[in-house]
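# sequence first, then the predicted structure, then my questions.
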Amino acid sequence: MLSGNVKMKKQCYFRKDGRIMYTASPGRYQSMPYHRCGNSGLKLPAISLGLWHNFGDTASYDNMKQLCFTAFDNGITHFDLANNYGPAPGSAESNFGRILKENFTAYRDELIISTKAGYDMWEGPYGNWGSRKYLLASLDASLRRMGLEYVDIFYHHRMDPGTPLEETMGALAQAVFSGKALYAGLSNYDGETLERASAILTELHCPFIINQNRYSILDRTIEQNGLKETSARLGKGIIAFSPLAQGMLTGKYLNGIPADSRIRTDGRFLGEAALTEERMSQIRKLNAVAEERGQSLTEMALSWILRDGIVTSVLIGASRPAQILENIRAVQNTSFTEEELRRIDGTIGDRG
């Protein structure tokens, strides 16, 4: 049974020109907190929906729609994509574009839609990394696939050691100045490169507002490489992806590996070798802390990321609407005692 204010709404539809259309819940803004993204004027929901998985051409289109409906009905206004999300690359944007056209046209101004470019997208020397040619061509293609005139945030998806940082940042600025993006973001950068990139974008008067990085109880890289501290000091937001460590912090593996889990069906992102006995011991201890807090392991893992106010939003993925509802419950308790934090840190030893 669901608790708190999150809800699974029986979808309401109306007919227009013979088509069935989605109507959003009138109570969608009642329970979701919205956090200012760094020092900018933009606010993001505490929980955002990522379309990395389950939105490619191998997934169910009806399920994709239900995921988007459930998210928006419960205050998730931010949908995050990238040019290469699929499979096949580009298909997540195409499928989301179809959902937008068929169901969300009336709500475009209530949505934050982001996309990225930086990983392999097409053949040849101009299909990845961070050149001006690649980034601007990719953004145009993303807009065509989604049927949009602009995205709210356009990210460079990874640092490029072979392209001058000035060129990459100049391309992000051009994307904004052309009206094809409202804000610029960086993904998978470290603290030192972030600081140099921020200085360039500031000089160009480009509204760079957010960093997207992997962050979880089990992966503290952004604390270790200075990204989290630098973002806070510069007044930039952070949105954390893989907050559940590819499912290890969901509790699904506490009693073994389910036959239908991603490890069994798709080992590209998490293999059985990752679930060592040491790791399983850590997960069980974390689950004990969560139970004492009255939360599931999933809820506590998301709450922990939001605990200090530095992270703007947590980027979740979902294969079922019910998972979105469980994740949203994390916003109900993001306060931790010093003893709880000490136990969590002590459980993972070297802090991830």
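Here it is on my side, so go on. In this text the structure is predicted, and so the values were computed from the model without any measurement. Numbers count the residues shown, from 1 in each chain.
# what's the helix or strand for the spatially most central residue of the chain?
Geometric centre of the chain, nearest residue: Leu315, 2.9 Å, by CA atoms, centre = their mean. Counting by DSSP states H and E, the element that carries Leu315 is strand 313-316.
# tell me the secondary structure for the residue nearest to Ser187 when sequence neighbours are not counted?
Nearest residue to Ser187 in three dimensions, chain neighbours excluded: Gln212, at 4.0 Å (CB to CB, 6 or more residues apart in numbering). Every residue, glycine included, has its C-beta placed from N, CA and C. With DSSP: H, G, I helix; E, B strand; the rest coil as the basis, the three-state label of Gln212 is strand.
# which residues sit in contact with Gln212?
Contacts for Gln212 (CB atoms under 8 Å, 6 or more residues apart in numbering) come out as Asp80, Lys116, Tyr155, Gly185, Leu186, Ser187, Asn188, Ile238, Ile239, Ala240, Phe241, Leu315.
# and it, what are its bridge partners?
Ser187, Ile239 (DSSP bridges).
# how about the strands in the chain?
12-16, 19-23, 34-36, 43-45, 47-50, 78-80, 112-117, 151-156, 181-187, 208-214, 237-241, 313-316 (DSSP state E).
# what's the spacing between Ile153 and Arg329?
26 Å (CB to CB, to the nearest Å).
# over to Arg342?
24 Å.
# neighbour count: the two, which is higher?
Set Arg342 next to Arg329 and count neighbours by other CB atoms under 10 Å: Arg329 wins out with 21 against 11.
# how far away is the more buried one from Ala274?
Noted for Arg329: a distance of 26 Å to Ala274, by CB to CB.
# over to Thr334?
From Thr334 across to Ala274, the span is 27 Å (CB to CB).
# likewise for Leu139?
Taken as CB to CB, the span from Leu139 to Ala274 is 34 Å.
# between those two, which one's more packed in?
Leu139 (24 against 16).
# the more buried one: what's it in contact with?
Applying CB under 8 Å, 6+ apart, we find Leu139 in contact with Thr115, Ala117, Val151, Phe154, Ala175, Lys180, Ala181.
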